[in-house]
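Colleague: dropping a prediction and its sequence here:
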Amino acid sequence: MFRTPEGKDIFVVDGHTHFWDGSPENQKNIHGKQFIDCFYAYHTGLSPKEQLWEKSKFEKYSAENLYNDLFIDGPDDIAIFQTTSLSDFYKTGFGCIKRTSEIAKRYPGRFIVNGAFDPRDGEKALEYIHFMKETYDIKGVKMYTAEWNGASKGWRLNDSEAYKCFELCDKLGIRNIHVHKGPTIIPLSKDAFDVHDVDHAATDFQGLNWIVEHCGLPRLDDFCWIATQETNVYAGLAVALPFIHSRPRYFGEVIAELLFWIGPEKILFGSDYAIWTPRWLVEKLWAYQIPEDIAAERGVQLTDEIKEKILGLNAARLYDIDIEARKAEFANSPFSIAAE
Amino acid sequence: MATAFSGSRENELWRRLGEVNDPELDESITEMGFVELAAVADDGGVQVEFRLPTYWCSPNFAFLMLDGLCKALDQLSWSPAYRVKLHDHMFAEEVNRGIEGGKAFGEIFGELAGDLDLAGLRETFAMKAFKRRQEAVLRGLRQHGLTDREILGMDLPAYDVARFEPGEAAKQKPRYRSALLERFPDRRADEPVFVTWEGQPIPAHALSAHLAELRGVRINMEFNGALCRGLKQTRYKELDVIDGEPTLVDFIMDRVPARAAPTA
């Protein structure tokens, strides 16, 4: 729960968190090392100085660190785990669903565990989706279209293999498809983080919600155009939000574009923990105002009401979270004690 | 004098390198700190070492930059032999081997990514640079208090006498000028300076909408620029922090002479 300086309690759903193991022991090859190094560079590049972690802690942090940073020191009420396998780079996976599910069990009610699959695995991917549904009852998945798989250096949401997987998700009630569309990295000439495939998939799967993480930056204009056309496309703020500290005016331009094009109902807060911790992000977002000239040009404001939607109400709608019931539940047992 | 001689060559080298842009960001590779070493040996031979913000930087962008770099080195007045080396990139080995073997970039790149359309990519980046530069100047002129009609009526002679306080508009003014002339080499001097990338005039009532579109282009480019700067900085720090003493990197960065006057 985030208590505003005015004393109002705001329910926070952190739409994007990780419990990863990027430690040297788990790295399969040089790519594994470079991947966590790149995350660490994001962390050091955009965090306030007093929030910086040591590299070794960043590579592998404990469940206690996680719980504390999100729920005790941090303002989260519920956090969504995004699974990022990267099994070509890490021995037991970078963020593995088995590990996150164990954590979720330890702290009941606090976590929603999303799965992941790779459509290029064909039949096996379909089996795996069944397995995740039966074993973990997942409500969502994280798609990483730039992930390597053998000779392939990426895939698209509208590949026919992917469509088979989404048909199955639709059937099993796995409704929330988080798609990583972020900075241009791995791909070669074909840009696997291009956002146009979202347009096709969202049109063809109206029953699924498509949450585009990092709101498609650096392709914000393309993303806004698509998200405006499709009612089931959402923007995840992870990576965009930390700019609120280092380049607040720039963040103002991004959020103004999002509000102008897709509106306040379709923007979701996400810390991308452990790249960033939620406390400072939420505090800064609550205190933030879009610079006047930008707000005037776009005719939008970031009101308290809108901030509350971004911080929790929007995600609660997608994940069927009964906020009042959960508030009562957490009030009775504010901090879960780890059951050993 | 030998030192003065090599000093002036080094200046020329850095000046040429400063003209190479990161195509995705439309910013100079020396300002971004991508060039870690640029040295002129006694026999005039040139060595350049190059490091990008992350191991994952898109290889096609890396190639465009290296290609630009070699073109810049080809223009050096003493036509030296040169060696270019890319560090710590996922394809560094392939690239360096390719350069060593005297292969053209297209050849090396072709082996890594069969279907690449470098010319198409170049054109896309040229368009983005054109728009970003134009936006900065347009906003600068508006801030100066010019009406939209006055701004859009400007021809090249009027453009050239406009002056800005130091800032983004001042920085982009000569750069927009060169982008305009490169895009429309046959334009007449009395034609409007501000047109769309397609060459269409912009009516005064449409300027705000036009600016909104340009802003979208800039937001994307700035996102990349800010990330790259942050990542690059971190990479440097990780490499060379030794008990708070000046590091190799400080040394390298200090060697960059002050930038010459902007070249239009």
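Modeller: Received it, and whenever you're ready, just let me know what you need.
Colleague: what residues are up against the residue lying closest to A:Gly216 once chain neighbours are set aside?
Modeller: Closest residue in space to A:Gly216, ignoring its immediate chain neighbours: A:Phe223 at 2.9 Å, by Cβ to Cβ, 6 or more residues apart in numbering or on different chains. The way it works is simple: take the backbone N, C-alpha and C, and place the C-beta from them, glycine included. Contact analysis of A:Phe223 by Cβ atoms under 8 Å, 6 or more residues apart in numbering or on different chains lists A:Lys181, A:Val195, A:Val198, A:Val212, A:Cys215, A:Gly216, A:Leu217, A:Ala235.
Colleague: okay, and A:Phe223 sits in which element?
Modeller: Assigned by DSSP states H and E, A:Phe223 belongs to helix A:220-229.
Colleague: mind listing what the next helix or strand after that helix pairs with, with the direction of each?
Modeller: The C-terminal neighbour of helix A:220-229 among helices and strands, as given by DSSP H and E, is strand A:233-236. Strands that pair with strand A:233-236, judged by DSSP bridges, come out as strand A:209-213 (parallel), strand A:267-268 (parallel).
Colleague: what about the nearest residue to A:Phe71 once chain neighbours are set aside, how many neighbours?
Modeller: Nearest residue to A:Phe71, sequence neighbours excluded (Cβ to Cβ, 6+ apart): A:Arg110, at 6.3 Å. A:Arg110: 19 surrounding residues under other Cβ atoms under 10 Å in any protein chain shown.
Colleague: what sits closest to B:Arg51 if chain neighbours are left out?
Modeller: Closest residue in space to B:Arg51, ignoring its immediate chain neighbours: B:His87 at 4.4 Å, by Cβ to Cβ, 6+ apart.
Colleague: list the contacts for that neighbour?
Modeller: B:Glu36, B:Glu49, B:Phe50, B:Arg51.
Colleague: and what of A:Arg175?
Modeller: Neighbours of A:Arg175 in contact, by Cβ under 8 Å, 6+ apart: A:Lys139, A:Gly140, A:Cys169, A:Gly207, A:Leu208, A:Asn209, A:Leu318.
Colleague: and those as CSV, adding pLDDT, neighbour count and distance to B:Ala169?
Modeller: Formatted as CSV, the contacts of A:Arg175 follow (pLDDT from 0 to 100; neighbours: other Cβ atoms under 10 Å in any protein chain shown; distance: Cβ to Cβ, whole Å):
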residue, pLDDT, neighbour count, distance to B:Ala169
A:Lys139, 96, 18, 49
A:Gly140, 97, 25, 45
A:Cys169, 98, 23, 49
A:Gly207, 96, 11, 49
A:Leu208, 97, 20, 45
A:Asn209, 97, 20, 42
A:Leu318, 97, 20, 43
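Colleague: may I ask you to name the longest helix in chain B?
Modeller: As assigned by DSSP state H, the longest helix anywhere in chain B is helix B:207-240.
Colleague: and that one with helix A:220-229, angle?
Modeller: 120 degrees (axes from the mean of the first three to the mean of the last three Cα atoms, to 10 degrees).
Colleague: how about the nearest residue to the residue in chain B that chain A sits nearest to, chain neighbours excluded?
Modeller: Across chain B, no residue is closer to chain A than B:Gly230, which sits at 2.5 Å (Cβ to the nearest Cβ). In space, and not counting its chain neighbours, B:Gly230 is closest to A:Gly45: 2.5 Å by Cβ to Cβ, 6+ apart.
Colleague: how near is the one you found to A:Trp280?
Modeller: 15 Å (Cβ to Cβ, to the nearest Å).
Colleague: what sits against A:Lys139?
Modeller: A:Ile112, A:Asn114, A:Gly173, A:Ile174, A:Arg175, A:Asn176, A:Tyr319, A:Asp320.
Colleague: domain ranges for chain B?
Modeller: Domain segmentation of chain B under automatic domain parsing yields B:2-116, B:119-221.
Colleague: so for stretch A:221-232, mean pLDDT?
Modeller: For stretch A:221-232, mean pLDDT is 89.
Colleague: any idea how far apart the tips of stretch A:42-55 sit?
Modeller: Start to finish, the residues bounding stretch A:42-55 are 12 Å apart (Cα to Cα, to the nearest Å).
Colleague: how about stretch B:201-209?
Modeller: 14 Å.
Colleague: can you point out the buried residues in it?
Modeller: Buried positions in stretch B:201-209, judged by neighbour count with 16 or more other Cβ atoms under 10 Å in any protein chain shown: B:Ile202, B:Leu207.
Colleague: what score does the closest residue to A:Ile97 other than its chain neighbours have for pLDDT?
Modeller: Nearest non-adjacent residue to A:Ile97, counting by Cβ to Cβ, 6+ apart: A:Thr83, 4.8 Å away. The model reports A:Thr83 with a pLDDT of 87.
Colleague: can you report phi and psi for A:Thr83?
Modeller: Phi and psi for A:Thr83, reported as degrees, to the nearest 10, are phi -80, psi 130.
Colleague: if I read this right, it contacts A:Phe111, doesn't it?
Modeller: No. In terms of Cβ atoms under 8 Å, A:Thr83 does not count as a neighbour of A:Phe111; the distance is 11.9 Å.
Colleague: so those two - more neighbours on which side?
Modeller: A:Thr83 (29 against 25).
Colleague: for chain A, name the helix or strand with the lowest mean pLDDT.
Modeller: helix A:30-46 (a mean of 86; mean pLDDT, DSSP states H and E).
Colleague: quick revisit: so who does the residue nearest to A:Ile97 touch?
Modeller: By Cβ under 8 Å, 6+ apart, the neighbours of A:Thr83 are A:Gly93, A:Gly95, A:Cys96, A:Ile97, A:Thr100, A:Val113, A:Asn114, A:Gly115, A:Ala116, A:Val141, A:Lys142.
Colleague: neighbour-wise, which of these leads?
Modeller: A:Asn114 (27 neighbours).
Colleague: with chain B as the reference, measure out to it.
Modeller: 24 Å (Cβ to the nearest Cβ, to the nearest Å).
Colleague: just give me the neighbour total for the nearest residue to A:Gln27 once chain neighbours are set aside.
Modeller: If the residues on either side of it in the chain are set aside, A:Gln27 comes closest to A:Lys33, at 5.2 Å by Cβ to Cβ, 6+ apart. Per other Cβ under 10 Å, the neighbour tally for A:Lys33 reads 16.
Colleague: my read: A:Lys33 touches A:Glu25, true?
Modeller: No. With contact defined as Cβ under 8 Å, A:Lys33 does not reach A:Glu25; the gap is 11.5 Å.
Colleague: still on that earlier bit, can you list the contacts of A:Arg175 in a markdown table and add secondary structure and distance to B:Arg133?
Modeller: Formatted as a markdown table, these follow (DSSP: H, G, I helix; E, B strand; the rest coil; distance: Cβ to Cβ, whole Å):
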| residue | secondary structure | distance to B:Arg133 |
| --- | --- | --- |
| A:Lys139 | coil | 46 |
| A:Gly140 | strand | 42 |
| A:Cys169 | helix | 44 |
| A:Gly207 | coil | 45 |
| A:Leu208 | coil | 41 |
| A:Asn209 | strand | 39 |
| A:Leu318 | helix | 40 |
